[in-house]
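Enquirer: any chance you could fold what I've pasted below:
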Amino acid sequence: MGFEQLAALQAQLKRGESSKTVASRSTSSQVNVKREIKQPPKPPRTSANAAARAVTTLQRHFPRAFPRNPAPKVPLKVGILKDVLARAASLGLSERDARNGVKLWCRGQRYWTCLIEGTVRVDLNGANAGVVTAAEAEYGTSQEKTRLARRREQIARSAQGQPR
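Expert: Alright, predicted model coming up:
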């Protein structure tokens, strides 16, 4: 393809034409090529992706309450969701995403293991906001035991070749 042909193609692109005439490599005759430029499909918005993005936003704005891994998680103040929802709009989060982000943060092994009786709870700024009670510590322990039992079941099923 010569310089003149490239210049003609560039001019066609600027005009927005979707049908282009180019010279084929095997012959010197002109070939009409219809080319559509397709955008790659956007990945579907899942609540897991949105919740993970919300957690990242919370970690960026409130690092003392939502520390990054490998730092251990800290017990959050009872009712912290109300505080997060009050600031969600200023953080660029929808109410649903903020709610799912806090839910994701508080439902996991790292959070359940930080619930130890007498440990200080923190608010969004990292200030003391109460302590973990014995009942709350027991709840965290039971949640972790349940998670481990489910994981053992999954491993046993996959070893036997059974689907989930």
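
Enquirer: by mean pLDDT, point me to the weakest helix or strand of the protein.
Expert: strand 19-23 (a mean of 52; mean pLDDT, DSSP states H and E).

Enquirer: from residue 150, how far out is residue 161?
Expert: Using Cβ to Cβ, to the nearest Å, we find residue 161 at a distance of 19 Å from residue 150. Quick note: C-beta positions are derived from backbone N, CA and C, even for glycine.

Enquirer: in contact with residue 66: list those residues for me.
Expert: Residues in contact with residue 66 (Cβ atoms under 8 Å, 6 or more residues apart in numbering) are 55, 58, 59, 105.

Enquirer: next step: the residues you listed restricted to helices.
Expert: 55, 58, 59, 105 (DSSP state H).

Enquirer: please enumerate the strands of this structure.
Expert: In the chain, the segments counted as strands under DSSP state E are 19-23, 30-34, 120-122, 128-131.

Enquirer: which helices and strands does the third one pack with?
Expert: Strand 120-122 sits against strand 128-131, with contacts defined as 3 or more Cβ pairs under 8 Å, 6 or more residues apart in numbering; DSSP states H and E.

Enquirer: returning to that earlier point: least confident of the strands of the chain, on average?
Expert: Per-segment mean pLDDT for the strands of the chain reaches its minimum on strand 19-23, at a mean of 52.

Enquirer: this protein: helices as residue ranges?
Expert: With DSSP H as the criterion, the chain has helices at 3-15, 47-61, 80-91, 95-106, 109-114, 134-160.

Enquirer: mind giving me a markdown table with these and columns for distance to residue 70?
Expert: As requested, the helices of the chain are arranged in a markdown table below (distance: least, Cβ to Cβ, whole Å):
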| stretch | distance to residue 70 |
| --- | --- |
| helix 3-15 | 50 |
| helix 47-61 | 13 |
| helix 80-91 | 22 |
| helix 95-106 | 16 |
| helix 109-114 | 10 |
| helix 134-160 | 18 |
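
Enquirer: turn those into a markdown table, columns for distance to residue 124, mean pLDDT and mean neighbour count.
Expert: Shown next, in a markdown table, are the helices of the chain (distance: least, Cβ to Cβ, whole Å; pLDDT from 0 to 100; neighbours: other Cβ atoms under 10 Å):
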| stretch | distance to residue 124 | mean pLDDT | mean neighbour count |
| --- | --- | --- | --- |
| helix 3-15 | 51 | 80 | 11 |
| helix 47-61 | 8 | 91 | 17 |
| helix 80-91 | 5 | 95 | 15 |
| helix 95-106 | 11 | 95 | 19 |
| helix 109-114 | 16 | 91 | 16 |
| helix 134-160 | 19 | 93 | 12 |
